[in-house]
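Engineer: Quick one: sequence and predicted model below, then my questions.
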Amino acid sequence: MSTQIRLRDCAKTFGDGTRALAPFDLTIEGGETIVLLGPSGCGKTTILRMIAGLEFPDKGGVITFDGDDVTHQSIEKRRVGMVFQSYALFPNMTVAQNVAYGLKVHGVSREESDARVKDMLEMMHIEMLADRRIDQLSGGQRQRVALARAIAVQPRVLLLDEPLTALDAKLRVRLRTEINALLRKLGITAVYVTHDQEEAMALGDRIVVMQKGEIAQIGTPREIYRKPQNPFVADFVGAANRLDGQMRDGRLHIGTHVFDAVDAFDPRHGAIIDQGPVELFFRADGLSTCDAARAHVTGRVEAVSYLGERLRLTVSGIGAQAVIVDTHADDVIAPGADVHCQINPDRLTVFPVGAGAGNSAANQSAHAVS
Amino acid sequence: MRRDWKFYSQLGLTVLLCLFIVIPVGMSALAGVTVNVFKGLSSGLTLRWIIEVWDLYASSIMLSLWIALVCLAVTLVAGVPLAYVLVRRPGRLTRLFEELLTLPVAIPGLALALALLITYGGVSGYRSSWLFILTGHVLFTLPFMVRSVAAVMSAMDMKMLEEGAASLGAGFWRRFFTVIVPNAKPGILAGALMVVTLSIGEFNLTWMLHTPLTKTLPVGLADAYASMRLEIGSAYTLIFFILIMPLLIAMQALADRGKRASKRIDTAEDTL
């Protein structure tokens, strides 16, 4: 019963000629939760608004819900539930009236609507707020009302546009867990937009990473995290450490050390390469501290931060930029000390030099149109 | 707390200035119920003048109220959608339109009336009917309605509210009447009171546009002062006062309520 969404050849150029989205195809299976992830201005919200019917793709683009062409249908006809970052609740109505609004529009009888509203409020644990005015609610309560209102009309798809961004960190995690449970329980097709990598990992069956109006990678959270397909994705999902290396005959050379069995993937050609200069991207676990005798690389500690379960070091002298290395929380290390590290080759993601600079790509895309 | 001479001298000055303004109002009101204003209060109090004014000018007063109400209806029907368009579709064209709309406020009423007379003075049926005065009043009051409504509309995120309503299946008119208008209510109410007050009190323009058969309340007042006993003119003022005061008080109360509402901050805690 869940609706499959297909976007084919969808592109978006705004009135002033700026290209917000390059043509792309995307299929979202029925019941699947897809997260559109990317920095601001990458086009993720535009895709969501296209599915909603608030934006229309350029000529040639086709959007279908379960095979029905909805490309030219307005949002009122599409039966989509929407949840906005700033809630979009109606201040002139009570909580219950807000939730009942869509039911009234759809001509649901008074008794049925009352019962449905009651169910929705109970499901979101806000039944005691039914008669409150919107300006008497906290941010978390408002977003619960917004969810209840969107779900009440039993939409074909649920679209969530950064619903947790306006909330504080603790509440964000809590509501995220609840939204996750809710989506599984309803089995509804959902599209969720966020710039928060952790949120994307926690909620998405699949994640679509966006960069400057193009899809950089589509994959499960595990694939995105472990096998980023280009430097932008690697950088965006937290593999912000960078080292230079050389591929020679399929083996990776870093300084004087040689590592086997590392794949260097070139996203431009979709092929594995075995010769040429490469860039290595990795998280803090790509390097581990060791004694001088077994060290692959040695650097100098610039800063130390105590994270409770581990100690996080900022180390210079290993790569062109400082890298982050984690060590045991009980180690006593002061800034200025030398630190010896081993490279864990299976934690590295290797790209040929020039495949797209991670950091600069992220910065540039912030200037594109959202 | 001990107050020094500075406080008392300032208080004295304030009271004096207030009296300077209030006393003529009181004198005028009093004159309206005095038997003979030249003899003073010793001649006794009477309601005779008020009754006489009513007999002479009831039709002017009623016409004024009627024009004010119709003017309100027209500015509501035209002004609210106009404000919506101005806020929702900002651009060079709407900016220009807004400037044009505000022009009648800046131009002297006399000039506006002359323009109307030159253009439509020859259309006899129209020229001699109350609709001619209504036209002037609508031109003059519409910007106040539009401004007042637009101010409230631009303070709410109409685009987002509409998108929310649209996602729930509501078409344009439904959104407009169930979401936009109710949330713009404070602006609409304030604008309505302003329009009625301005229309009832408008003199410049109306004086030029009226005919002996289409005299409004302020025109009648001028007439009374010019051609009747001073007591009658004063009694007339009293009636005018009684009509307009509740409107002004309501306007003030509304403005206060608006201020309080915007001051109320989000006090709910995130306990959930």
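Structural biologist: Thanks, I have it. Here the structure is a predicted model, which means the values were calculated and not measured.

Engineer: which secondary structure elements does the helix or strand harbouring B:Thr237 contact?
Structural biologist: Under the criterion of DSSP states H and E, B:Thr237 resides in helix B:230-263. Here helix B:230-263 touches helix B:5-32, helix B:48-88, helix B:185-201, helix B:217-227, going by 3 or more Cβ pairs under 8 Å, 6 or more residues apart in numbering or on different chains; DSSP states H and E. Backbone N, C-alpha and C define where each C-beta goes, glycine included.

Engineer: which non-adjacent residue is nearest A:Met50?
Structural biologist: A:Pro57 (5.7 Å; Cβ to Cβ, 6 or more residues apart in numbering or on different chains).

Engineer: List the residues that contact that neighbour.
Structural biologist: A:Pro57 sits next to A:Leu7, A:Asp9, A:Cys10, A:Ala11, A:Lys12, A:Met50, A:Ile63, A:Thr71 when contact means Cβ atoms under 8 Å, 6 or more residues apart in numbering or on different chains.

Engineer: Now do stretch A:153-161: distance to the chain's middle.
Structural biologist: For stretch A:153-161, the separation from the chain centroid amounts to 19 Å (computed by Cα atoms, centre = their mean, to the nearest Å).

Engineer: show me what contacts A:Gln143?
Structural biologist: A:Val83, A:Tyr87, A:Pro163, A:Leu164, A:Ala166, A:Leu167, A:Leu175.

Engineer: Quick one: which of these has the lowest pLDDT value?
Structural biologist: Ranked by pLDDT, these bottom out at A:Ala166 (85).

Engineer: counting contacts, what elements does the longest helix belonging to chain A pack onto?
Structural biologist: Assignment by DSSP state H gives helix A:169-186 as the longest helix of chain A. Applying 3+ Cβ pairs under 8 Å, 6+ apart, one finds that helix A:169-186 contacts helix A:139-152, strand A:157-161, helix A:197-203.

Engineer: Tell me the buried residues in the next helix or strand after it?
Structural biologist: Scanning forward in sequence from helix A:169-186 by DSSP H and E, the next helix or strand is strand A:189-194. For strand A:189-194, burial by neighbour count (16 or more other Cβ atoms under 10 Å in any protein chain shown) applies to A:Thr189, A:Ala190, A:Val191, A:Tyr192, A:Val193, A:Thr194.

Engineer: Identify the bridge partners of the second one.
Structural biologist: Per DSSP bridges, residues listed as beta-bridge partners of A:Ala190: A:Thr33, A:Leu158.

Engineer: That one and chain B, how far apart?
Structural biologist: 14 Å (Cβ to the nearest Cβ, to the nearest Å).

Engineer: Same question for the fifth one.
Structural biologist: Taking Cβ to the nearest Cβ as the measure, A:Val193 and chain B are separated by 14 Å.

Engineer: pLDDT value on that residue, please?
Structural biologist: 95.

Engineer: ditto for the one 5 residues further on
Structural biologist: The confidence metric pLDDT takes the value 89 at A:Glu198.

Engineer: Count the neighbours of it for me.
Structural biologist: Number of residues near A:Glu198 (other Cβ atoms under 10 Å in any protein chain shown) recorded here: 13.

Engineer: Please apply the same query to A:Ile224.
Structural biologist: 27.

Engineer: Can you show me the strands along the stretch 1-150 of chain A?
Structural biologist: Per DSSP state E, counting those that start in this stretch, the stretch 1-150 of chain A carries strands over the ranges A:5-13, A:19-28, A:33-37, A:62-65, A:68-69, A:80-83.

Engineer: Let me have those in a markdown table, adding mean neighbour count as columns.
Structural biologist: As requested, those are exported to a markdown table (neighbours: other Cβ atoms under 10 Å in any protein chain shown):
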| stretch | mean neighbour count |
| --- | --- |
| strand A:5-13 | 19 |
| strand A:19-28 | 18 |
| strand A:33-37 | 26 |
| strand A:62-65 | 18 |
| strand A:68-69 | 12 |
| strand A:80-83 | 27 |
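
Engineer: what's the closest of those to A:Thr327?
Structural biologist: Nearest of these to A:Thr327, taken as Cβ to Cβ: strand A:33-37 at 29.8 Å.

Engineer: returning to that earlier point: let's have the helices and strands packed on helix A:169-186 in TSV, adding distance to B:Phe176.
Structural biologist: As requested, the helices and strands packed on helix A:169-186 are exported to TSV (distance: least, Cβ to Cβ, whole Å):
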stretch	distance to B:Phe176
helix A:139-152	19
strand A:157-161	23
helix A:197-203	35
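
Engineer: and of these, who's closest to B:Lys185?
Structural biologist: Short answer: helix A:139-152, nearest of these by Cβ to Cβ, at 21.1 Å.
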